[in-house]
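Peer 1: Return atomic coordinates for the entry below.
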Amino acid sequence: MREIKFWRAFQEGLSEEMRRDPTILYFGEDAGGKVGGPFALAKGLQDEFGGKRVYDTPDSEAGCVGLAIGLDSFVAILQVHVLVTEMYRLYASKEHKEKFLPILASGDKLGGFALTEPNAGSDASAIVTRADLRDGR
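Peer 2: Numbers count the residues shown, from 1 in each chain. Below is the predicted model:
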């Protein structure tokens with residue numbers, strides 16, 4: 001039986017599962033950095049799986065407490081924050097990126113959005129839309 005350190009077993013297991021299941025995401029302090037976070041647990045993950053599956057997130061004791069108190073609420077807040085941050089990263093003007101991305105990345109402010117679609121209320125999954133062909137477009 002092969003003997004390896006715990007951190008290496010974690011890293012190998014996580015990589016193996018991420019290769020097997022494309023829906024697995026990894027959030028961690030310095031996950032996208034050269035070091036790979038504490039104990040290098042995420043070293044090389046962002047290179048292999050990209051920035052849309054491996055997220056560098058700030059360490060947050062308050063976030064851990066929130067996680068322990070109510071995982072659903074914490075995950076919903078984090079998902080919305082990441083969604084908003086990604087929209088700025090991918091689609092915002094240079095000026096807006098320079099203004100807002102550092103604030104969002106630091107965690108000083110959380111991203112949010114409001115629903116304005118009829119009949120959706122606050123349920124994002126209830127939004128319905130359609131496209132009509134007009135003038136050949």
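Peer 1: Format the CA atom coordinates belonging to the helix or strand where Pro102 lies as CSV.
Peer 2: For Pro102, the enclosing helix or strand under DSSP states H and E is helix 94-106. Provided in CSV are the C-alpha atoms of helix 94-106 (Å, rounded to 0.1, in the frame of the first residue of the first chain):
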residue,chain,number,x,y,z
LYS,A,94,-12.8,48.3,-19.1
GLU,A,95,-13.8,51.2,-16.8
HIS,A,96,-16.4,49.1,-14.9
LYS,A,97,-14.0,46.2,-14.6
GLU,A,98,-11.4,48.4,-13.1
LYS,A,99,-13.9,50.0,-10.7
PHE,A,100,-15.9,47.0,-9.5
LEU,A,101,-13.8,43.8,-9.9
PRO,A,102,-11.3,44.7,-7.2
ILE,A,103,-14.2,45.5,-4.8
LEU,A,104,-16.0,42.2,-5.6
ALA,A,105,-12.8,40.1,-5.6
SER,A,106,-11.9,41.5,-2.1
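Peer 1: roughly how far apart are Ala126 and Ile77?
Peer 2: 20 Å (CB to CB, to the nearest Å). (Each C-beta comes from the backbone N, C-alpha and C, glycine too.)
Peer 1: What sits closest to the residue positioned nearest the centre of the chain if chain neighbours are left out?
Peer 2: Centroid check for the chain by CA atoms, centre = their mean gives Val82 as the closest residue, at 4.6 Å. Sequence neighbours aside, Tyr55 is the residue nearest to Val82 in space, at 6.6 Å (criterion: CB to CB, 6 or more residues apart in numbering).
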